[in-house]
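Trainee: Give me a model of this one.
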Amino acid sequence: MIETLVAEVMTAPASTIEATATAAEAAERLRDRAVGSLVVVGDDGIAGIVVESDIVVLVAEHRDPGLPVSSVMTTPVVVVESGAHIAAAAERMQDHGIKRLPVVDDGDLVGVVTTTDLAYYLPRYRTEIVEN
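Mentor: This next block holds a predicted model:
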């Protein structure tokens, strides 16, 4: 069985943004860093996650891009430990209908894992399950 860990495939460090930043600032950071998500951080750690589609919805609904990220982010955030197997991360994404998971170690943000990160490994994992 493939025992690849999340830590081996995640993107680190995670791109972040403060909860008080504006949606426009989030859009700029997504563009400038060429990432699909930003982990929203506050005084108590991870506060949420904002993804490209959150910004698209904001624009499509003609909402103010000056709104704080906290008003467009997804919360609560589903996370995964860096020591988890990638199959567990994939299952968690499927169960929650999401494509990105912040990765934590002892509650501290250490990276992000996405469906794209997992795409290379999971077909081999599935093949091994079918063969066994």
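Trainee: all contacts plus neighbour counts: C-alpha atoms, from now on.
Mentor: Will do.
Trainee: What values do phi and psi take at residue 41?
Mentor: Phi and psi for residue 41, reported as degrees, to the nearest 10, are phi -120, psi 150.
Trainee: Then the one 5 residues further on?
Mentor: Reported as degrees, to the nearest 10, the phi and psi values for residue 46 are phi -70, psi 120.
Trainee: Helix, strand or coil: sort out the nearest residue to it once chain neighbours are set aside for me.
Mentor: Nearest residue to residue 46, sequence neighbours excluded (CA to CA, 6 or more residues apart in numbering): residue 40, at 6.0 Å. When classified by DSSP: H, G, I helix; E, B strand; the rest coil, residue 40 comes out as strand.
Trainee: Would you verify that residue 65 is located in a helix?
Mentor: No: per three-state DSSP, residue 65 lies outside any helix segment and is coil.
Trainee: Let me know whether it touches residue 57 as I believe.
Mentor: No: with contact defined as CA atoms under 8 Å, residue 65 does not reach residue 57; the gap is 10.9 Å.
Trainee: the more surrounded of the two?
Mentor: Taking other CA atoms under 10 Å, residue 65 and residue 57 do not tie; residue 65 has more neighbours (16 against 12).
Trainee: contacting residues around that one?
Mentor: The contact partners of residue 65, by CA atoms under 8 Å, 6 or more residues apart in numbering, come to 22, 23, 24, 58, 59.
Trainee: Closest one to residue 45 out of these, please.
Mentor: When the contacts of residue 65 are ranked by distance to residue 45 (CA to CA), residue 22 comes first, at 18.2 Å.
Trainee: wait, the closest one sits on residue 66?
Mentor: Yes: because the distance of 5.1 Å satisfies CA under 8 Å, residue 22 is recorded as touching residue 66.
Trainee: Residue 63 versus the residue nearest in space to the middle of the chain, what's the distance?
Mentor: Compute the mean C-alpha point of the chain, and by CA atoms, centre = their mean the closest residue is residue 100, 3.2 Å away. Residue 100 sits 25 Å away from residue 63, going by CA to CA, to the nearest Å.
Trainee: now the helices for this structure?
Mentor: Applying DSSP state H to the chain gives helices spanning 6-9, 23-33, 52-60, 86-96, 115-119, 122-131.
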